[in-house]
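Asks: Need coordinates for the below:
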Amino acid sequence: MLTQERQSLIENYVNEHELCRVAELCKLTTTSESTIRRDLIQMEEDGRLKRVHGGAQSVKNFARDVSQNVRFSLNHDHKTEIARYAAEHFVKSGDNVFIDAGTTTYEMVNFLANIPNIKIITNGVETALSSLNHGIETILIGGKVKDDTHAAVGLAALKQIKAMNFSACFIGVNGIEKNGNLTTPDPEEAAIKQAEIAQTRRAFILADSSKIGERSFSVFAKAKDVLLITNQLNSSQKAALPVDLKIEEATK
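Replies: Numbers count the residues shown, from 1 in each chain. Below you'll find the predicted structure:
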């Protein structure tokens with residue numbers, strides 16, 4: 001297969017699926033991982049797609065979120081590591097904890113099950129089901145449920161959140177900009193995140209290093225207002241973070 005033909009096939013596939021892994025593209029084009037990685041570098045330079053950790057993302061759907069089944073599988077080891085660290089270091093018995101509908105925050109439930117007498121409040125359908133399966137007292141926020149992220153959003157959800165107070169909230173993010181903006185694709189989910197922060201004693205962002213330097217449509221908070229829990233970072237990743245962002249690097 002000629003390079004031009006292969007790259008056209010890759011571009012169409014990435015645009016159709018919004019986010020995909022290198023292994024998928026190897027199978028699609030019957031080529032090696034090294035060839036695909038070279039193609040992705042060139043195609044990103046040409047503005048045809050965006051490289052992300054372990055794969056590629058479409059640049060044609062800037063304001064859209066990625067489907068939930070894909071999001072759960074990306075960077076799973078880092079997500080689990082971050083979630084464990086957050087639960088073990090920042091949640092204690094008796095806490096009322098808001099867990100929003102992110103895939104890293106979802107991973108916290110396994111570890112929160114080891115902490116007695118806690119309550120989980122969430123707008124994430126999967127998070128609520130997992131919490132119930134672990135025998136944790138659970139409140140699921142109601143409202144319009146998004147098809148892609150399975151998050152409850154809208155005025156009904158906001159009204160419920162504003163009537164509660166939380167010991168801590170744990171929030172997912174799509175982009176952490178150097179200027180301090182924390183972003184997510186959907187304005188309705190951004191409003192939920194803003195409400196969580198307003199009603200909590202302590203606000204935590206859970207995000208692996210792939211979110212550093214990324215930018216989505218809606219700004220929901222500034223770096224100075226939260227603490228970031230992430231994986232171990234190298235020097236260039238740390239340099240790309242906002243100067244006023246407090247961070248904790250999860251240890252294994």
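
Asks: Centre of the chain to stretch 138-150, how far?
Replies: 16 Å (Cα atoms, centre = their mean, to the nearest Å).

Asks: ends of it, how far apart?
Replies: By Cα to Cα, to the nearest Å, the extent of stretch 138-150 from end to end equals 17 Å.

Asks: Would you mind pulling the contact partners of that stretch?
Replies: 64-68, 71, 101, 119-126, 128, 131-132, 151-158, 160-161, 186, 188-189 (Cβ atoms under 8 Å, 6 or more residues apart in numbering). (C-beta placed from N, C-alpha, C; glycine too.)

Asks: ok, which stretches of this protein are helices?
Replies: With DSSP state H, the ranges of helices along the chain come out as 3-17, 22-29, 33-45, 68-73, 76-90, 103-106, 108-112, 125-133, 155-162, 187-198, 235-239.

Asks: By mean pLDDT, point me to the weakest helix or strand of the chain.
Replies: The weakest-scoring helix or strand in the chain, judged by mean pLDDT, DSSP states H and E, is helix 68-73 (a mean of 50).

Asks: Low-confidence regions, the stretch 151-252 of the chain specifically.
Replies: Scanning the stretch 151-252 of the chain with the threshold set as pLDDT under 70 gives 252.

Asks: Start from the N-terminal end of it and give the strands.
Replies: 152-153, 166-171, 175-176, 181-184, 200-206, 218-222, 227-230, 246-249 (DSSP state E, counting those that start in this stretch).

Asks: Pretty sure residue 112 is one of the things residue 96 touches, is it not?
Replies: No. Applying Cβ atoms under 8 Å as the test, residue 96 and residue 112 come out as separate, 11.8 Å apart.

Asks: Overlap of the contact sets of the two?
Replies: Joint contacts of residue 96 and residue 112 (Cβ under 8 Å, 6+ apart) are residue 118.

Asks: Of these two, which one has the most company?
Replies: Taking other Cβ atoms under 10 Å, residue 96 and residue 112 do not tie; residue 112 has more neighbours (22 against 18).
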